[in-house]
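# sequence and predicted model, in that order:
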Amino acid sequence: MKSGESEAGVYIWQHPEWPRMHYDLARLAAPLAAVHGAQGGLLGRMTHMGLSQRDATTLRVLTDDVLKTSEIEGEQLNPETVRSSIARRLGLDIGALAPADRHVDGVVEMVLDATGAHAQPLTRDRLFGWHAALFPTGYSGLAPIRTGGWRDDAAGPMQVVSGPVGRRKVHFEAPPAQGLDAQMARFLEWFELSQGGDPLVHAGLAHLWLVTLHPFDDGNGRIARAVGDMALARAEGSNQRFYSLSAQIQRERKDYYEMLERTQKGTMDVTPWLAWFLGCLLRAIEGAEASLAAVLGKSRFWQRWAETPLNERQIRLVNRLLDGFEGKLTSSKWAAIAKCSPDTALRDINELIVLGVLKKSASGGRSTSYELDLQS
């Protein structure tokens with residue numbers, strides 16, 4: 001198929017053919033084969049892991065997914081709160097849990113519902129539930145938003161903008177709210193009933209279609225990514241996630257927004273978007289090897305120290321180090337995280353140094369820091 005430039009000022013949803021997007025399957029054959037091969041390889045390796053290792057991988061991936069899907073939108077969530085929220089819902093024992101946060105819980109509930117219950121139909125009410133979970137107070141920051149319903153454009157057209165007030169750049173303007181009910185009904189029917197074709201293409205089209213409709217006042221990107229993950233989970237027939245597309249999109253955020261804007265201002269030939277989507281998906285699956293290696297490394301570590309009695313504080317802090325501790329671990333940080341006195345923290349640390357579990361970090365600084373002794 002030939003693709004050309006769109007008319008000036010015309011968005012993809014303004015084309016007479018919308019939403020009948022098309023693509024050149026021959027140009028996508030190689031990336032599709034690469035992604036399917038990588039998926040099969042990763043899932044094959046996961047089947048040879050023990051249940052506890054698969055659970056640990058799923059917990060690690062879902063935590064990253066929740067953190068990164070919010071980070072793409074400029075929102076920073078607390079990693080321990082996210083991890084604890086996921087563990088509660090999956091019934092996993094990770095020791096002491098961080099206090100619940102209803103905002104974090106809402107994002108977690110959406111992600112887990114999309115992937116864990118992927119076989120259930122995607123409906124208008126289900127999307128409304130996800131949106132309400134994302135914004136439990138009915139506010140986005142300080143601004144009240146409409147939840148449990150499509151946007152109404154009461155404040156004007158829905159636009160994606162950047163830049164300071166007075167010099168705003170409009171990257172995209174969404175379809176008028178008055179036609180959203182019919183547009184979303186058509187999307188949901190296609191998502192559930194469309195058969196044939198490659199399921200990876202289906203996931204890429206679903207993401208693009210939904211984020212183009214931009215049906216909510218806020219949260220459209222997160223919901224579109226959840227719908228894409230839902231399609232991927234259906235394609236794999238698994239409610240466990242071993243890689244995070246959202247985390248990869250966050251790493252490639254600039255390219256993601258540029259490709260999205262180019263596609264939404266382009267023609268009905270969305271081959272370039274699908275090629276980028278598949279490339280990003282491949283890099284996400286290949287990047288999962290790092291998570292898999294970390295889980296296996298953690299498992300081997302605890303097998304080695306299984307016969308060594310450690311107290312609950314020591315186990316908790318060692319696990320934090322194994323999961324990737326941000327910054328340097330000092331005795332004062334140990335005391336704060338373990339909620340113990342400085343003397344107790346130092347005693348815990350010194351015991352682990354004697355055992356050979358920890359060692360003093362070689363990096364300089366005013367405070368002594370510690371790291372795992374993986375060579376002893």
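Sure, I can see it.
# which SS class is the residue nearest the centre of the chain?
For the chain, residue 65 is the residue whose C-alpha lies nearest the centre (CA atoms, centre = their mean; 2.5 Å). The three-state label given to residue 65 by DSSP: H, G, I helix; E, B strand; the rest coil is helix.
# enumerate every residue touching it.
Shown in contact with residue 65 (CB atoms under 8 Å, 6 or more residues apart in numbering): 111, 229, 241, 244-247. Backbone N, C-alpha and C define where each C-beta goes, glycine included.
# got JSON lines for these, with secondary structure and pLDDT too?
Formatted as JSON lines, the contacts of residue 65 follow (DSSP: H, G, I helix; E, B strand; the rest coil; pLDDT from 0 to 100):
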{"residue": "111", "secondary structure": "helix", "pLDDT": "95"}
{"residue": "229", "secondary structure": "helix", "pLDDT": "94"}
{"residue": "241", "secondary structure": "coil", "pLDDT": "84"}
{"residue": "244", "secondary structure": "coil", "pLDDT": "92"}
{"residue": "245", "secondary structure": "helix", "pLDDT": "93"}
{"residue": "246", "secondary structure": "helix", "pLDDT": "93"}
{"residue": "247", "secondary structure": "helix", "pLDDT": "92"}
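# of these, which is the nearest to residue 219?
Nearest to residue 219 among the contacts of residue 65: residue 111, at 12.5 Å, using CB to CB.
# how many neighbours does the closest one have?
Neighbour count for residue 111, taken as other CB atoms under 10 Å: 28.
# residue 230 is in contact with that one, correct?
No - contact criterion CB atoms under 8 Å: residue 111 and residue 230 do not qualify, at 9.7 Å.
# what's the single longest helix in this protein?
helix 271-304 (DSSP state H).
# what mean pLDDT does the very next helix or strand once past that helix get?
Per DSSP states H and E, the first helix or strand lying C-terminal to helix 271-304 is helix 312-322. Averaged over helix 312-322, pLDDT sits at 89.
# alpha carbons of helix 312-322, as CSV, please.
Taking Å, rounded to 0.1, in the frame of the first residue of the first chain, the C-alpha atoms of helix 312-322 are listed here in CSV:
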residue,chain,number,x,y,z
GLU,A,312,13.6,-10.3,60.2
ARG,A,313,15.3,-7.0,59.8
GLN,A,314,18.3,-8.5,58.2
ILE,A,315,16.2,-10.6,55.7
ARG,A,316,14.2,-7.5,54.8
LEU,A,317,17.2,-5.3,54.1
VAL,A,318,19.2,-8.0,52.2
ASN,A,319,16.1,-8.5,50.0
ARG,A,320,16.0,-4.7,49.4
LEU,A,321,19.6,-4.9,48.2
LEU,A,322,18.9,-7.9,46.0
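# next helix or strand past it?
Toward the C-terminus from helix 312-322 - assigned by DSSP H and E - lies strand 329-330.
# partner strands of that following strand and their direction?
strand 369-372 (antiparallel) (DSSP bridges).
# now do the buried residues in the strand it pairs with.
Using 16 or more other CB atoms under 10 Å as the test for burial, strand 369-372 gives 369-370, 372.
# nearest to residue 179 among these?
residue 372 (57.2 Å).
# with adjacent residues omitted, what lies nearest to residue 93?
Take residue 93 and drop its neighbours on the chain: the residue closest to it by CB to CB, 6 or more residues apart in numbering is residue 87, 7.6 Å away.
# what helix or strand is that neighbour on?
helix 79-90.
# what packs against that helix?
For helix 79-90, the contact count by 3 or more CB pairs under 8 Å, 6 or more residues apart in numbering; DSSP states H and E identifies helix 51-71, helix 102-116 as packing neighbours.
# done for today, thanks.
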